[in-house]
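[1] sequence and predicted structure below; questions after.
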Amino acid sequence: MKDNFDIFFRRKPALMLVSLKKNTRMRYGSILAKEVDCTYSHAVKILQTLETLSLVSFEKKGRIKIIKLTKKGKEAADAIENIQKLIR
């Protein structure tokens, strides 16, 4: 597994966390992949890493896995947004 530090300096994972924070409606992998402009399989790999880091959790509803930010994930998304504001 790659160094955990590296995940935050990559565009797609950062956009996923911010997107999950901004949108309060139910989220699942294919929608999130479209929002951050990546393939579904790439989104799944990123989400698995984020789950390993305890930044997102999955809730099974029928055949769909709903993606939710954890408390730690919300804090990370806030930090990413703050960095975005600083560098603009």
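    That came in fine, so what should we check first?

[2] now do the buried residues in the host helix or strand of Asn82.
    Assigned by DSSP states H and E, Asn82 belongs to helix 71-87. For helix 71-87, the neighbour count (16 or more other Cβ atoms under 10 Å) marks 73, 76-77, 80 as buried. Heads up, the C-betas are built off the backbone N, CA and C, glycines and all.

[3] and of those residues, the nearest to Val56?
    Gly73 (5.4 Å; Cβ to Cβ).

[4] quick one: mean pLDDT over the helix or strand harbouring Thr49.
    Element membership for Thr49, per DSSP H and E: helix 40-52. Helix 40-52 carries an average pLDDT of 95.

[5] packing partners of that helix?
    Using 3 or more Cβ pairs under 8 Å, 6 or more residues apart in numbering; DSSP states H and E as the contact test, the elements touching helix 40-52 are helix 11-22, helix 29-35, strand 56-61.

[6] using TSV, lay out those together with distance to Ala43, mean neighbour count and mean pLDDT.
    Output for the helices and strands packed on helix 40-52, formatted as TSV (distance: least, Cβ to Cβ, whole Å; neighbours: other Cβ atoms under 10 Å; pLDDT from 0 to 100):
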stretch	distance to Ala43	mean neighbour count	mean pLDDT
helix 11-22	7	18	91
helix 29-35	4	17	91
strand 56-61	11	14	92
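
[7] Arg88: which of these is closest?
    With Cβ to Cβ as the measure, helix 11-22 is the member of these nearest Arg88 (13.7 Å).

[8] give me the contacts around that closest one.
    Here helix 11-22 makes contact (Cβ atoms under 8 Å, 6 or more residues apart in numbering) with 7-8, 27, 32, 35-36, 38, 42-43, 46-47, 49-50, 55-56, 67-69, 73-74, 76-78, 80-81, 84.
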